[in-house]
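J.: Sequence plus predicted model, see below.
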2 protein chains.
Amino acid sequence: MSAAARTEPSTPRRGRPGYDQTAVLRAAVDLFNRQGYEATSMGDLARELGFTKSAIYHHVPSKEHLLRLALDESLDELEAVVAETGADPPAAEGEGGCPAYDRLRSVVRRSVEVLVEHQPAVTLLLRVRGNSPAELRALERRRAIDTRLAELVRASADEGSLREDLPPTLVSRLLFGMVNSLVEWHRPGGEVDATQLAEAVVALAFEGLRTMPASTRSQG
Amino acid sequence: MSAAARTEPSTPRRGRPGYDQTAVLRAAVDLFNRQGYEATSMGDLARELGFTKSAIYHHVPSKEHLLRLALDESLDELEAVVAETGADPPAAEGEGGCPAYDRLRSVVRRSVEVLVEHQPAVTLLLRVRGNSPAELRALERRRAIDTRLAELVRASADEGSLREDLPPTLVSRLLFGMVNSLVEWHRPGGEVDATQLAEAVVALAFEGLRTMPASTRSQG
DNA sequence: CCTACCGATCGGTAGG
DNA sequence: CCTACCGATCGGTAGG
């Protein structure tokens, strides 16, 4: 995606076999998530990769660059979800698109899938505190996404599709707080199917966890 | 509570007026939450408090001790919730206590109240990665609490009070993931009433967010 | 509560 | 002269 990430197909002898920037990034994000970004030294990362600290700088210009790559990955994915499901203004309610309620369900479903498929990168994003320009930029992009999601919840409430006894802002925060909490326990490895997990989250969020009073079920 | 926390009433000239260990702890937890524990230096904390780095060590033996105090506070509170609402084995279903379903609702409600009232300490707890013995001990205590909560969810499901199309373990994780996400946005300052917020979370979790199909309402 | 420091380790880079 | 690394060490700063 970025210029630094490309590998030349014509020069396959670049770097130790099996170690390109992507491999370093994957190992780094893994360590950052296990220990925290600040608590992870480049020495830790070098040990994990099996070569020296200096060798890392052949593949990547800085520690912060690794963080930036991971944050961009997760933000690109999440922004795509918001865009494709029409949380964007263009697909306003009543226009060409579906009702806000259906779009909200789609956003939740797709968000879960992104969180599962990009779990390491998204985990890092959700823990960013704003300690550097890169982190501050990520926080801004994330805030923009959250705002779009909150607007979609509000639109659904205005339609009358959502319960009216709770403020939409609160509902939005709790809903996506539940979705985001996935990264705390979900581990990559095909244990659970992403689509199936997404269906479960949607069902729980929209219908609640108590026994169903014989009403409408989802189209699972 | 701990020996290090007591202040001698007979020596009022200890430290600068208005700055005891509790004040240092409060400022430290605040900074840890804003910047992350590892990213916060004792120098940062000194600047925040308005005196030198070394002066901090008059009030507290180490940076890690500040973390330990905060983690203990949050864990004590959360363990009390689990104990008082009978997620403990003693108050098994059908015995002297209420049904598991009611106890689960109480645990959720009380958890929200604890998260609101001890937000800084609980926030720190939820971000611990296990980078030191103190953090590992906290993770163990937290895991024990999570296990109790999962058992209570399972007991509710066994009663038939909860929907049966979702595994209790998943329900437990998502439910308390939503509850815990409160610390990400709730800021102390009386803006929202804790009891009111707890009712909202319980309602959303148990009844879902779509328009109610004219069924049972909570006793709000 | 400060000045003056310590052993150790940080992220990053030198020459070869 | 290059790529792909290594052993050693840089200037600064961490917790104490």
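T.: Cool, the structure landed.
J.: How about residue A:185: what's its closest non-neighbour residue?
T.: Once its chain neighbours are removed from consideration, residue A:185 has its nearest residue in residue B:173; the separation is 5.4 Å (Cβ to Cβ, 6 or more residues apart in numbering or on different chains). Placement of C-beta: from N, CA and C, glycine included.
J.: Burial check on residue A:194, number of neighbours?
T.: 17 (other Cβ atoms under 10 Å in any protein chain shown).
J.: What mean pLDDT does the strand or helix carrying the residue nearest to residue A:185 get?
T.: In this structure, residue B:173 is located in helix B:168-180 according to DSSP states H and E. Mean pLDDT, helix B:168-180: 97.
J.: List the residues that contact the residue nearest the centre of chain A.
T.: Relative to the mean C-alpha position of chain A, the nearest C-alpha, by Cα atoms, centre = their mean, is the one of residue A:122, at 3.8 Å. Residues in contact with residue A:122 (Cβ atoms under 8 Å, 6 or more residues apart in numbering or on different chains) are A:74, A:77-78, A:114-115, A:180, A:183.
J.: Quickly note the distance from it to DNA strand D.
T.: Going from residue A:122 to DNA strand D by Cβ to the nearest atom of the strand, to the nearest Å gives 28 Å.
J.: Now do the domain split for chain A, please.
T.: By the record's domain assignment, chain A is partitioned as A:17-59, A:68-207 (automatic domain parsing).
J.: Is the shortest one positioned near DNA strand D?
T.: Yes. Against DNA strand D, domain A:17-59 shows contacts by Cβ under 7 Å from any atom of the strand at A:19, A:51-55, A:58.
J.: what residues does chain A put near DNA strand C?
T.: Counting by Cβ under 7 Å from any atom of the strand, chain A comes close to DNA strand C at A:40-44, A:53-54, A:57, A:61-64.
J.: Please convert the buried members of these into ChimeraX selection syntax.
T.: Of those, the buried ones go into a single ChimeraX selection, burial set by 16 or more other Cβ atoms under 10 Å in any protein chain shown:
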select /A:40,42,44,63
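J.: And the residues of chain A next to DNA strand C, which two are furthest apart?
T.: A:44 and A:61 (18.2 Å; Cβ to Cβ).
J.: I'd assumed residue A:112 was in contact with residue A:182.
T.: Yes. Taking contacts as Cβ atoms under 8 Å, residue A:182 lies within contact range of residue A:112: 6.5 Å.
J.: The two: who's more crowded?
T.: For the pair residue A:182 and residue A:112, the greater number of neighbours falls to residue A:112 (26 against 22), based on other Cβ under 10 Å.
J.: Dump whatever helix or strand the more buried one lives in to PDB, keeping only the CA atoms.
T.: Assigned by DSSP H and E, residue A:112 belongs to helix A:100-117. Only the C-alpha atoms of helix A:100-117 are listed here, as PDB (Å, rounded to 0.1, in the frame of the first residue of the first chain):
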ATOM      1  CA  ALA A 100     -30.900   3.500   8.800                       C
ATOM      2  CA  TYR A 101     -31.900   0.500  11.000                       C
ATOM      3  CA  ASP A 102     -30.700  -2.000   8.400                       C
ATOM      4  CA  ARG A 103     -27.600   0.000   7.700                       C
ATOM      5  CA  LEU A 104     -26.800   0.000  11.400                       C
ATOM      6  CA  ARG A 105     -27.100  -3.700  11.600                       C
ATOM      7  CA  SER A 106     -24.800  -4.000   8.600                       C
ATOM      8  CA  VAL A 107     -22.200  -1.700  10.200                       C
ATOM      9  CA  VAL A 108     -22.200  -3.700  13.400                       C
ATOM     10  CA  ARG A 109     -21.900  -7.000  11.500                       C
ATOM     11  CA  ARG A 110     -19.100  -5.700   9.200                       C
ATOM     12  CA  SER A 111     -17.300  -4.100  12.200                       C
ATOM     13  CA  VAL A 112     -17.200  -7.400  14.000                       C
ATOM     14  CA  GLU A 113     -15.800  -9.000  10.900                       C
ATOM     15  CA  VAL A 114     -13.100  -6.400  10.600                       C
ATOM     16  CA  LEU A 115     -12.200  -6.700  14.300                       C
ATOM     17  CA  VAL A 116     -11.900 -10.400  13.900                       C
ATOM     18  CA  GLU A 117      -9.900 -10.300  10.600                       C
END
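J.: which secondary structure elements does it contact?
T.: Counting contacts by 3 or more Cβ pairs under 8 Å, 6 or more residues apart in numbering or on different chains; DSSP states H and E, helix A:100-117 packs against helix A:63-84, helix A:133-159, helix A:168-180, helix A:182-185, helix A:194-207.
J.: right, so of those helices, which gets closest to residue B:28?
T.: The nearest among the helices and strands packed on helix A:100-117, by Cβ to Cβ, is helix A:133-159 at 21.0 Å.
J.: Give me the average confidence score over the closest one.
T.: Confidence over helix A:133-159 (mean pLDDT, whole number) is 95.
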